[in-house]
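Chemist: What follows is a predicted protein model with its sequence.
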Amino acid sequence: MDISYLITPVLTWLVVGPIKFLINSARQRRWAFNLVGNGGFPSNHSSVVTSMATLIALREGMGSPAFGVAVTLAFIVMIDANSLRQHVGRQAAAINRLAGSAADHTHLRERMGHTLVEITGGICTGIGMGFAVFHLFQRF
């Protein structure tokens with residue numbers, strides 16, 4: 001087994017997470033620990049699936065069945081991040097408003113999905129990470 005297929009998503013997740021935290025912190029002008037998780041620029045999920053699709057394209061070619069599966073998975077993840085999770089966030093906001101300051105209500109996280117800009121940032125980051133891992137493992 002080529003270990004680059006295992007390292008690529010893990011390394012991408014580890015690189016994109018701190019980038020997202022620093023960008024969110026700069027926008028908030030404070031350490032944004034409350035914004036760690038779903039949502040924000042760039043999209044972790046989009047980065048991970050794009051880095052894998054990029055690595056597969058570089059290693060096995062764009063005509064390989066694995067690349068087709070990777071691109072399909074990437075589209076599903078990105079559509080989910082943009083539409084379904086944004087709807088979940090809107091529902092959470094509505095529930096939070098309806099519950100008001102009820103003592104037994106746990107405040108639900110409202111920032112769940114990604115905008116198209118955040119997904120595009122994830123795609124660019126993922127392509128870069130795919131190329132980086134490909135060239136790194138090409139030397140070994």
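Modeler: Received it, and whenever you're ready, just let me know what you need. Keep in mind the model is a prediction, meaning the values are calculated, not measured. Numbers count the residues shown, from 1 in each chain.

Chemist: Let me know the average pLDDT across the longest helix along the chain.
Modeler: Determined from DSSP state H, the single longest helix within the chain is helix 4-28. Taken as a whole, helix 4-28 has a mean pLDDT of 92.

Chemist: Now do the following helix or strand past it: everything it contacts.
Modeler: Sequence order places helix 44-60 as the next helix or strand after helix 4-28, per DSSP states H and E. Contacts of helix 44-60 with the rest of the structure, by CB atoms under 8 Å, 6 or more residues apart in numbering, involve 2, 4-5, 8-9, 12-13, 16-17, 20, 64, 66-67, 70-71, 73-74, 77-78, 81, 114, 118-119, 121-123, 125-127, 129-131, 133-134. Yep, even glycine has a C-beta here, placed from its N, CA and C like the rest.

Chemist: what's the angle between helix 44-60 and helix 4-28?
Modeler: Between the axis of helix 44-60 and that of helix 4-28 there is an angle of 150 degrees, by axes from the mean of the first three to the mean of the last three CA atoms, to 10 degrees.
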